[in-house]
Every structure is written in structure tokens, then in C-alpha cells.
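**Student:** Just a sequence and a predicted model for now, questions to come.
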Amino acid sequence: MKTQIIAALKAEFPLSVLLAVAGLTRSTFFYHQARLDRPDPHAELKAAITEAFEQAKGRYGHRRIHTVLTRQGWQVAKKTVLTLMNTLGLVCIVRRPRRYRSWLGQPGTVAENVLNREFGAEAPDTKWVTDVTEFRIGDRKVYLSPVIDLFDRSVIAYSCGPSPTLELTNSSLREAIATLPAGAAPLVHSDQGFQYQHASWRALLADACLTQSMSRRANCLDNSIAENFFGHLKEELFHHTRFDTVEEFTVALHEYIDWYNTTRISTTLKGLSPVEYRAQALAA
């Protein structure tokens, strides 16, 4: 910084005076001035980092940016990517979690915690998780009910609406069940929300021969994969974008879930998107 200031002022003031004020020797000044005149050796890499960051709409940190670059053929260390992102002022959006709490007492039947935090799945359609989250758009609210496959963390079905009704959750489950191949009967895990204790939810599960599982009361870690998805969704879309209408937000929500399934790379999935991970696994 001192070198740049001196270089800008030396046409108007004696160089010896400027160096004395700045506390620099002539050799130090000319050394740093020569460095400023050199082309940036990381110019192309910075451009690639900036492009990857902008394509992800600021949702990727240095690890995911590194994965994108590696897939493009770059050979670069993660620490280098982090350093250059800091130099460029590219900061990943920071999460500010806030969720809808659906536990309203004991209106129905509570199932056992069959999942028991075993979030790994060896094959698609063996373990599903679901939950409901809330968004505030001005003086209105939007609720989202996704069904997530633990095999690849994909959102296989979802519904959204103005209130957390039984139909909201039941419709997402019906859509998910409609995607099942013959013979598949996944475990379906949720919290103890009233929708999941209701007879209509349990009837849908029973008719499809699916096993019900529930988190323990007020224990969000028992359903942490759903919580994690909501965190990413709100971090990467909702909290840092202004939505003037529910309709505007709903369009962005559909676009985000499509991007999440088809494009967003996951370090848990070896740098692949859910769709890529599933396709690779099924082709093996």
C-alpha cells in the first residue's frame, strides 16, 4: 500500500521526502514497485474462482469451489483457493438458522425412533426423512414439506403452501410414494409434529407398507439431515434475497430445489450432486 501511494505521489514530491515519511528505503521501494509491475500469476485462476462463485450465486465456500476447479482440470490446493477467495473478497453466505416448530403436544400416536440417527443408506429408497419449515414473506407465511432420500440427500418430493396443514405433509408423502419402484418400502422418519402423528399420515404409510419412525421429543439431532437441508436452503436462498411476494419466492424455491438436486455439489457425495451420485451408483 505504501509503495502504491509513493508511486502515485513521486511526480509531485521528491522521492527522498516520500520515502522518509513512509519509513522505506530506496531499495525496498523499488523492489515492491517492480513486483507491482509484474503480471498477476494467479489472474486466470482468480477469474475461474470468481466465475465458479458467481455461478453458485455465492453459495459455495472454498472447499466446494476447489471441487469445481478440480473438475475443470485445475491443479490447485484448497488453501490457495481460500487465500485467493479472501483476496477477491468472495465470502460464502453465512447461515442464520430459523425453523418452524411443529410439536403441539400429544394429539395422536407417537412412533419409535427406528432410524436412531443411522443416517447412512446403502441404496436408494431405503430411508427417507421429512419435516416442515416456515418462511415469512412480508406479513404472509410459506411452509415447505420435503421428503429427502438419505442415500443421496435428494429431495424426491415436496409441497409448499400457506399453512402447515395435514394436506401439506400428506401430499408430499403421496408424491414420494408415487416415485417408488416395485418392491421398495423405505423407512420414513420425521419429528413428532401433529401431522405425522395423525391417522391420515399413518394410513398412507400403512397402505404403502412403509415403516414409520419418529425423533424423540424436542430432539432436532434425531432428524439432522432434514435440518441440514433447511439450513442450506435458508442460508443459500432465503436470508440473503429480498422477496416482495409469495409468488416470487415460490418460483425461486422451485428453482433452488432443482439446482440442489441436479447441480449443487456435496462434499458428502464425493463432490457430486445428488442426481450425479445416484446415476453413478446405479451404473456401477
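**Tutor:** Looks like it arrived, so ask away. Since the structure is predicted, the reported quantities are computational estimates derived from the model, not experimental observations. Numbering: from 1, shown residues only.
**Student:** In which helix or strand does the residue nearest the centre of the chain reside?
**Tutor:** Residue closest to the mean C-alpha point of the chain, counted by C-alpha atoms, centre = their mean, is H232 at 3.3 Å. Using DSSP states H and E, H232 falls within helix 224-233.
**Student:** Identify all contacting residues around that helix.
**Tutor:** The contact list for helix 224-233 (C-beta atoms under 8 Å, 6 or more residues apart in numbering) reads 95, 97, 99, 117, 119, 129-131, 133, 144, 146, 148, 150, 153, 155, 220, 256, 260. To be clear about C-beta, it is placed using only N, CA and C from the backbone, and glycine gets the same treatment.
**Student:** Give me the buried entries from those.
**Tutor:** 119, 129-131, 133, 144, 146, 148, 150, 153, 155, 256, 260 (16 or more other C-beta atoms under 10 Å).
**Student:** residues near H189, how many?
**Tutor:** Counted with other C-beta atoms under 10 Å, the neighbours of H189 add up to 30.
**Student:** Is it located within a helix, as I assumed?
**Tutor:** No - if the criterion is DSSP: H, G, I helix; E, B strand; the rest coil, then H189 is strand and not within a helix.
**Student:** Mind checking which of the contacts of helix 224-233 land in helices?
**Tutor:** 256, 260 (DSSP state H).
**Student:** Filter the contacts of helix 224-233 down to the ones in strands?
**Tutor:** 129-130, 133, 144, 146, 148, 155 (DSSP state E).
**Student:** Tell me the one of those nearest Q197?
**Tutor:** Nearest to Q197 among the ones in strands among the contacts of helix 224-233 is T130, at 13.3 Å by C-beta to C-beta.
**Student:** Enumerate every residue touching the closest one.
**Tutor:** Contacts of T130 (C-beta under 8 Å, 6+ apart): 145-148, 169, 172-173, 188-190, 196, 226.
**Student:** Let's see that with 10 Å instead.
**Tutor:** Applying C-beta atoms under 10 Å, 6 or more residues apart in numbering, one finds that T130 lies in contact with 145-148, 157-158, 169, 172-173, 176, 188-191, 193, 195-196, 201, 223, 226.
**Student:** Who does it form a beta bridge with?
**Tutor:** V147 (DSSP bridges).
**Student:** Now do the end-to-end distance for stretch 195-213.
**Tutor:** Using C-alpha to C-alpha, to the nearest Å, one end of stretch 195-213 lies 13 Å from the other.
**Student:** got it, and stretch 122-132?
**Tutor:** 26 Å.
**Student:** Now that stretch: buried residues?
**Tutor:** By neighbour count, with 16+ other C-beta under 10 Å as the criterion, the buried positions of stretch 122-132 are 124-125, 127-132.
**Student:** got it, and stretch 163-177?
**Tutor:** 164, 168-173, 176-177.
**Student:** quick one: it to chain centroid distance?
**Tutor:** How far stretch 163-177 lies from its chain's middle: 23 Å, per C-alpha atoms, centre = their mean, to the nearest Å.
**Student:** coming back round to it: quick check: the two most widely separated of the buried ones among the contacts of helix 224-233?
**Tutor:** F119 and Y256 (22.3 Å).
**Student:** Which one of the ones in strands among the contacts of helix 224-233 is nearest to I65?
**Tutor:** V155 (23.4 Å).
**Student:** Check the spacing between that closest one and A56 real quick.
**Tutor:** 18 Å (C-beta to C-beta, to the nearest Å).
**Student:** next one: A11
**Tutor:** The value you get for A11 to A56, if C-beta to C-beta is used, is 44 Å.
**Student:** Compare these two (neighbour count), which wins?
**Tutor:** Between A11 and A56, counting by other C-beta under 10 Å, A56 is the more crowded of the two (20 against 7).
**Student:** correct me, but the more buried one touches I65?
**Tutor:** Yes - counting by C-beta atoms under 10 Å, I65 is a contact partner of A56 at 7.8 Å.
**Student:** Show me the common contact partners of those two, please.
**Tutor:** In contact with both A56 and I65: 92, 265, using C-beta under 10 Å, 6+ apart.
**Student:** Now do the same for V142: helix, strand or coil?
**Tutor:** Applying three-state DSSP: V142 is strand.
**Student:** beta partners of it?
**Tutor:** Bridge pairing for V142 - DSSP bridges - gives F135.
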